[in-house]
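Participant: Predicted model and sequence below, questions to follow.
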Amino acid sequence: MIDIKALESSQELQSKKTYLETYRENLRMRSFSSDDLDKLLVVNQTRKDLLSHLESSKAKRNQMSPLISEKKKKGEDVSDILSELAKLRDDDKEKEQVLKTIEAEVRLLSLSLPNMNDPSVPFGKSEEDNKIVKEFMPPTEFNFKAKDHVELGEDLGLLDFEMSGKISGARFSVLRGSLAQLERALIQFFLSTHVNKNSYEEVSCPFLVGSSALEGTSQLPKFAEDLFKIEDKDLFLIPTAEVPLTNLYSQSVLSEDQLPIRFAAHTPCFRSEAGSYGRDTKGLIRQHQFHKVEMVQFVRPEESDQCHEQLTLHAEGLLEDLGLPYQRALLCSGDISFGAQKCYDLNVWLPSSGTYREISSCSNFGDFQARRAMIRYRPKGEKAKPRFVHTLNGSGLAIGRTLLAILENYQNEDGSIRVPDVLVNYMGGLKTITKRM
RNA sequence: GGAGAGAUGGCAGAGCGGUUGAAUGCACUGGUCUUGAAAACCAGCGGGUGUUAAUAGCGCCUCGUGAGUUCGAAUCUCACUCUCUCCGCCA
């Protein structure tokens, strides 16, 4: 959630612009209309006016109320005061109803406004304008005709879309034998690395969450169509472990020495992919269900930039250990997600399409999610009021896409797959994946 | 699914119609003492929001959430959510 107070303040930020002017510019950069912002400012002003009316009336009632018991003690007549107070109360009740609808509107509007970009975010309209800031390894080349992962997997008898189609429909998959094992190996390898090398705490968490959690991390109220909902219950399948992990500390005040908190978890992720009917219909790229290992951090505001860089390196380390060529892209203003203030995508090389595809997204949310989910910490020191933490998260990594990247980048001419060295131990010593017997 | 108990400040835990925004303890902050620390002692100490230059004052709200009774509710009524105990069922 954006900081409404800051928007209303006339104090100048950097380069003599107010926060409001800077935020308007930000909305333009993100290709958001500023209608909601304008509405918000108007509605919030009426809210404040009504509120102060109501409050002074309440103050009056609060002052008069004790008179009653005083007078009663003295045996004086109180019926005048009683009727006046009852009248005031009834007036206030009406006003309260109006205020309530206005407050709901303010809330909805403020929840539908995106985060403010970090100054380092480049201007751009789409994916095309993202800035490649890093490259690892040249694209894999083959001296034979490379196959795509669907062909490879199906030829090996280890990937079956007919079976999954039969039981669940499109955008699901069945992995068998050593490919299923490879998936498990990746999960293990990723989590072990985060826990043992990068000092994350491993978490096992629910895969279904309530709407308040999704509001906290900003999937709701705007992006409901991307989610799978349980009928007749306030429960949704998680689209990413970011949701349960970040909300573990919702509505709480942490102490400063708890920070930074680093969580890593493996969960399946469920996405309805409502907005992408025609895209990536084939293969493992875009599924309704996929596995992912996610990293989430709660940090002090001063260190969030640094932690964001570090978290991105944690994700990159996995790709480097696996020997997969990738690029790091700094997302432009038009491509960055709703709640992020800065985001790096890691894109892995896919020989079959000759392109880099997203395999991880590492974001700094600033205090955006913390405001929504009320995640604060109490700084050490005199008169320290609770402050919002900054939240970060990143995939480390998406399992399905890593799996397909391995299939494609590690394929042999005969269609078998070499197992990346770091995974051999996790595969019970298996060095090559061959056709299922 | 059945039966009961409960939800109070960062935590623990009193209060059960009118100076209760809330005793007490812990934690935390400042101070005294000390070479330093600990202990002891003294003092301070919930959060949100409005007004404001203000983290100063003052107002309003806040004792799980939402409604209700009342001049007045943490305290009474109803609904909901969650937690715990017992029984049943189940991995």
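Facilitator: The structure has been received and is ready for your questions.

Participant: any idea how far the closest residue to residue A:172 other than its chain neighbours is from residue A:148?
Facilitator: Leaving out its chain neighbours, the residue that sits closest to residue A:172 by CB to CB, 6 or more residues apart in numbering is residue A:164, at 4.0 Å. Every C-beta, even on glycine, is put in place using the N, C-alpha and C of the backbone. Distance, residue A:164 to residue A:148, by CB to CB, to the nearest Å: 18 Å.

Participant: cool, residue A:127 as well?
Facilitator: 21 Å.

Participant: next one: residue A:117
Facilitator: Relative to residue A:148, residue A:117 is positioned 36 Å away (CB to CB).

Participant: RNA strand B contacts on chain A?
Facilitator: Counting by CB under 7 Å from any atom of the strand, chain A comes close to RNA strand B at A:4-5, A:9, A:48, A:51-52, A:54-56, A:58-59, A:61-66, A:68-69, A:72, A:82, A:85-86, A:89, A:93, A:100, A:253, A:378, A:380-383, A:385-386.

Participant: Give the closest residue to residue A:168 in space, chain neighbours not counted.
Facilitator: Closest residue in space to residue A:168, ignoring its immediate chain neighbours: residue A:288 at 7.7 Å, by CB to CB, 6+ apart.

Participant: My guess is that neighbour contacts residue A:274. True?
Facilitator: No - Residue A:288 is not in contact with residue A:274 according to CB atoms under 8 Å; the separation is 10.5 Å.

Participant: more neighbours, these two?
Facilitator: residue A:288 (18 against 11; other CB atoms under 10 Å).

Participant: and the residue nearest to residue A:172, what does it touch?
Facilitator: By CB atoms under 8 Å, 6 or more residues apart in numbering, the residues touching residue A:164 are A:172, A:173, A:174.

Participant: quick one: which of these has the most company?
Facilitator: The most crowded member of these, judged by other CB under 10 Å, is residue A:173 (22 neighbours).

Participant: Would you mind measuring from that residue to residue A:435?
Facilitator: From residue A:173 to residue A:435 the distance is 18 Å (CB to CB).

Participant: repeat for residue A:401
Facilitator: In terms of CB to CB, residue A:401 sits 23 Å off from residue A:435.

Participant: between these two, which one's more packed in?
Facilitator: The neighbour count for residue A:401 versus residue A:435, taken as other CB under 10 Å, is higher for residue A:401 (23 against 13).

Participant: Chain neighbours aside, what residue packs nearest to that one?
Facilitator: Nearest to residue A:401 is residue A:359, by CB to CB, 6+ apart, at 4.7 Å.

Participant: Compare residue A:127 and residue A:148 (neighbour count), which wins?
Facilitator: More neighbours surround residue A:148 than the other of residue A:127 and residue A:148, with 17 against 14 (other CB under 10 Å).

Participant: where does the residue of the stretch 151-300 of chain A found nearest RNA strand B land in three-state SS?
Facilitator: Nearest residue of the stretch 151-300 of chain A to RNA strand B, counting by CB to the nearest atom of the strand: residue A:253, 4.2 Å away. Look at residue A:253: counting by DSSP: H, G, I helix; E, B strand; the rest coil, its state is strand.

Participant: follow-up on the earlier one: element containing the residue nearest to residue A:401?
Facilitator: Assigned by DSSP states H and E, residue A:359 belongs to strand A:355-364.

Participant: Okay, now the sheet partners of that strand, with direction.
Facilitator: Strand A:355-364 has its sheet partners listed here by DSSP bridges as strand A:342-350 (antiparallel), strand A:390-398 (antiparallel).

Participant: Contacts for that strand next, please.
Facilitator: Contacts for strand A:355-364 (CB under 8 Å, 6+ apart): A:118, A:285, A:304-305, A:307-308, A:311-312, A:315, A:319, A:326-327, A:337, A:339-350, A:390, A:392-398, A:401-402, A:405.

Participant: for the record, mean pLDDT for it?
Facilitator: Here strand A:355-364 scores 97 as its mean pLDDT.

Participant: repeat for stretch A:23-43
Facilitator: 92.

Participant: Repeat that for stretch A:103-113.
Facilitator: pLDDT averaged over stretch A:103-113 gives 89.

Participant: Off-centre distance for it?
Facilitator: 19 Å (CA atoms, centre = their mean, to the nearest Å).

Participant: How is chain A divided into domains?
Facilitator: A:4-111, A:127-433 (automatic domain parsing).

Participant: Residue A:88 touches residue A:54, doesn't it?
Facilitator: No - using CB under 8 Å, residue A:88 makes no contact with residue A:54, being 10.9 Å away.

Participant: List buried residues within the contacts of strand A:355-364.
Facilitator: A:118, A:285, A:304-305, A:307-308, A:311-312, A:315, A:319, A:326-327, A:339-350, A:390, A:392-398, A:401-402, A:405 (16 or more other CB atoms under 10 Å).

Participant: hey, where'd the helices end up in the stretch 1-150 of chain A?
Facilitator: Applying DSSP state H, counting those that start in this stretch to the stretch 1-150 of chain A gives helices spanning A:4-8, A:19-29, A:35-74, A:79-111, A:149-156.

Participant: Pull out the buried residues from the fourth one.
Facilitator: Applying a neighbour-count criterion of 16+ other CB under 10 Å, the buried positions in helix A:79-111 are A:85, A:92, A:99, A:102, A:105, A:106, A:109, A:110, A:111.

Participant: Test my guess that the fourth one contacts residue A:47.
Facilitator: Yes - under the contact definition of CB under 8 Å, residue A:102 touches residue A:47, with a separation of 4.8 Å.
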